[in-house]
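*Asks:* dropping a prediction and its sequence here:
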Amino acid sequence: MRNKKIYIQILSFIAILIFFSCSSDSENKKEKVSLKNSELSRIMNSGRLKAIVDYNSTNYFVYRGKPMGFKYELLQHLADDMGLELEISVSNNLEETFDGLNKKKYDLVAKNLTVTKRRNETIKFTEPLEQTRQVLVQRKPENWQRMTRQAIEDSLIRNQLDLAKKEIHVQKNTAYYRRLVNLSDEIGEEITIVEDSIYGVEQLIAMVAKGDIDFTVSDENVAKVNQTYYPNLDIKTPISFPQNIAWAVRNDAGEWLKYLNTWIRNFKETVTYAILYDKYFENIRSRTMVNSTYHSIGGGQISPFDDLIKEAADKANLDWRLLAAIIYRESRFDPYAESWAGAYGLMQIMPESADLFRINEYEEPIQNIKVGVRLLKWLDKNLKPDVPDSVQRVKFVLASYNVGLGHIKDAQRLATKYDKDPAIWDDNVDFFLLNKSASKYYKDPVVRWGYCRGEEPYNYVNRVLTTYRDYKNIIEK
């Protein structure tokens, strides 16, 4: 009897072990499934990081044809570390931004978001990237340069109590609005708060400087940068304590948030981060770039050749920003650029191409652009029967412009042979062009143009289209 009881106890113990083992396996399995289906996994598998920023003189702009900005460069480092292609969207509308985030249109909101308890209910903030405080942006008197310092001080608001019955314009759905509501309660007087759904913070600052409105509110670091453009502004009156500035992800993106927090903590400790911050917020030279004709905010031009580019693009029914992106990638807008192979000028024209279209003096910018445009149209015409989709065809044309039509036709023939679509670039023809330096492909009987360093045209297509996307984000058509 005693042996029977012992036997039953042993069986019970084994059953318990099996139960907990199964439970543990089940939990591990759930965790693996969770990670597999996580937001981070989805982003990594997509091959691209989709971020939304606001267009201003510190976060994202174009200077002499080159996309720049503090948040832009941070995002580039993040995307590079993740091995992803960066895809940036622009919106100064916060309601639209958060709606796009929740609908998975964007993976990350990379704006100057003030961390607030109210926002924490609908989104998740990352580790703070910086700290700042909100300041009142107001205009000095018209003749301030001839006034004494004390006289200027006496004309400005320094006490928050004096904001009673004043009208202050702020961007809609921002922490500035909430702060002013609280401040109105604190001082026991009504502040007229006008929420603007059209203009961003920097545009409202410009409106104060020009006298269109009297007051707005901005983060102090952004206000300091803008004060260099508009010396008639005063930004010395704080209306908040120091606040954290962070990025944001969706509420359910736990693994993605964890990854970002680790990356931000580590990156903020690097020399690279310190250099970037100094470049955009401390360096006087960077602050004054906006006064240049070739700054997208100050002058609105991409290059000294915008008029020529627009005229040539218009005649050829091209988006001038695409043509400008090609020229930027070919020569950085240097009309005297010359390659080791003999390509010359803005569009790196070979003598043979100029001869093909019977255009002399192709060294001159206007003639150089004319040859380049005619070559683009010629390539488009030759590719159209095999690549009917115009969006896809742009990629084929760009690759052909870089490496020659023959190599692209070879890549299409290889795609057909290996059951890929010869009319689709991504993950089809681009693969065979990229790998055309491998003997398996360049020695294939269907190949007529032989060996090709496919990495160069492959990267060229991506870089031109990335620059074009930046120009579309910022520069009007």
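*Replies:* All right, it came through fine.

*Asks:* CA only for contacts and neighbour counts going forward, please
*Replies:* OK.

*Asks:* tell me the SS of residue 272?
*Replies:* helix (DSSP: H, G, I helix; E, B strand; the rest coil).

*Asks:* distance of it from residue 73?
*Replies:* Distance of residue 272 to residue 73, given as C-alpha to C-alpha, to the nearest Å: 10 Å.

*Asks:* quick one, which of the two is more surrounded?
*Replies:* residue 73 (16 against 13; other C-alpha atoms under 10 Å).

*Asks:* host element of that one?
*Replies:* If you go by DSSP states H and E, residue 73 is part of helix 70-82.

*Asks:* and that helix, what does it pack onto?
*Replies:* Under the contact definition 3 or more C-alpha pairs under 8 Å, 6 or more residues apart in numbering; DSSP states H and E, helix 70-82 sits against strand 48-53, strand 85-90, helix 271-277.

*Asks:* quick one: distance of the longest one to the chain centre.
*Replies:* The chain centroid and the centroid of helix 271-277 are separated by 18 Å under C-alpha atoms, centre = their mean, to the nearest Å.

*Asks:* CA atoms only: put it into CSV for me.
*Replies:* C-alpha atoms of helix 271-277 as CSV (Å, rounded to 0.1, in the frame of the first residue of the first chain):
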residue,chain,number,x,y,z
VAL,A,271,30.9,62.7,-30.5
THR,A,272,28.7,62.6,-33.7
TYR,A,273,25.7,63.7,-31.7
ALA,A,274,27.5,66.6,-30.1
ILE,A,275,28.8,67.8,-33.4
LEU,A,276,25.3,67.6,-35.0
TYR,A,277,23.8,69.6,-32.1
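
*Asks:* report the rounded mean pLDDT for it.
*Replies:* Helix 271-277 comes out with an average pLDDT of 94.

*Asks:* try stretch 239-251
*Replies:* In this model, stretch 239-251 has a mean pLDDT of 95.

*Asks:* now swap in stretch 80-98 and tell me
*Replies:* On average, stretch 80-98 scores 92.

*Asks:* residues touching it, excluding its own?
*Replies:* For stretch 80-98, the external contacting residues (C-alpha atoms under 8 Å, 6 or more residues apart in numbering) are 44, 47-55, 75-76, 79, 109, 172-174, 197-200, 466, 470, 473.

*Asks:* and the closest residue to residue 446 other than its chain neighbours, what helix or strand is that in?
*Replies:* With C-alpha to C-alpha, 6 or more residues apart in numbering as the criterion, residue 446 has its nearest non-adjacent residue at 6.4 Å, and that residue is residue 413. Here residue 413, judged by DSSP H and E, is contained in helix 405-417.

*Asks:* residue 469 now?
*Replies:* Residue 469 belongs to helix 455-474 when assigned by DSSP H and E.

*Asks:* got the buried residues for the helix holding residue 413?
*Replies:* 405, 407, 408, 409, 410, 411, 412, 413, 414, 415, 416 (16 or more other C-alpha atoms under 10 Å).

*Asks:* could you find the closest non-adjacent residue to residue 100?
*Replies:* residue 106 (6.1 Å).

*Asks:* surely the residue nearest to residue 446 and residue 448 touch.
*Replies:* No. Between residue 413 and residue 448 there is no contact under C-alpha atoms under 8 Å: 9.7 Å.

*Asks:* returning to what we had before: which other helices and strands contact the helix holding residue 413?
*Replies:* With contacts taken as 3+ C-alpha pairs under 8 Å, 6+ apart, helix 405-417 sits against helix 390-403, helix 430-434.

*Asks:* most tightly packed of those helices?
*Replies:* Scoring the helices and strands packed on helix 405-417 by mean neighbour count under mean count of other C-alpha atoms under 10 Å gives helix 430-434 as the most buried, with a mean of 23.

*Asks:* what's the average pLDDT for the regular element (helix or strand) spanning residue 441?
*Replies:* Element membership of residue 441, judged by DSSP H and E, is helix 439-442. Throughout helix 439-442, pLDDT has a mean value of 96.

*Asks:* dump the helices and strands packed on helix 405-417 into a markdown table; add distance to residue 99 and mean pLDDT as well.
*Replies:* Shown next, in a markdown table, are the helices and strands packed on helix 405-417 (distance: least, C-alpha to C-alpha, whole Å; pLDDT from 0 to 100):
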| stretch | distance to residue 99 | mean pLDDT |
| --- | --- | --- |
| helix 390-403 | 27 | 97 |
| helix 430-434 | 34 | 97 |
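
*Asks:* next, format these as TSV and append distance to residue 381.
*Replies:* Shown next, in TSV, are the helices and strands packed on helix 405-417 (distance: least, C-alpha to C-alpha, whole Å):
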stretch	distance to residue 381
helix 390-403	9
helix 430-434	20
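
*Asks:* and residue 262, how far from residue 356?
*Replies:* Residue 262 sits 56 Å away from residue 356, taking C-alpha to C-alpha as the criterion.

*Asks:* likewise for residue 261?
*Replies:* Counting by C-alpha to C-alpha, the gap from residue 261 to residue 356 is 56 Å.

*Asks:* for residue 254, grab the count of nearby residues.
*Replies:* Neighbour count of residue 254, defined by other C-alpha under 10 Å: 16.

*Asks:* same question but for residue 120, I mixed them up
*Replies:* Counted with other C-alpha under 10 Å, the neighbours of residue 120 add up to 12.

*Asks:* what's the answer for residue 341, then?
*Replies:* Neighbour count of residue 341, defined by other C-alpha under 10 Å: 8.

*Asks:* and what about it, helix, strand or coil?
*Replies:* Quick answer, by three-state DSSP: residue 341 is coil.

*Asks:* can you list the domains in the chain?
*Replies:* What automatic domain parsing lists as the domains of the chain is 2-36, 42-131+245-291, 136-238, 306-474.

*Asks:* endpoints of the second one, how far apart?
*Replies:* This means domain 42-131+245-291. Taking C-alpha to C-alpha as the measure, domain 42-131+245-291 stretches 42 Å from start to finish.

*Asks:* so residue 226 sits in a strand?
*Replies:* No. The assignment for residue 226 (three-state DSSP) gives helix, which keeps it out of a strand.

*Asks:* now do the helices in the stretch 101-250 of the chain.
*Replies:* With helices called from DSSP state H, counting those that start in this stretch, the stretch 101-250 of the chain shows them at 149-155, 175-187, 201-210, 220-227.
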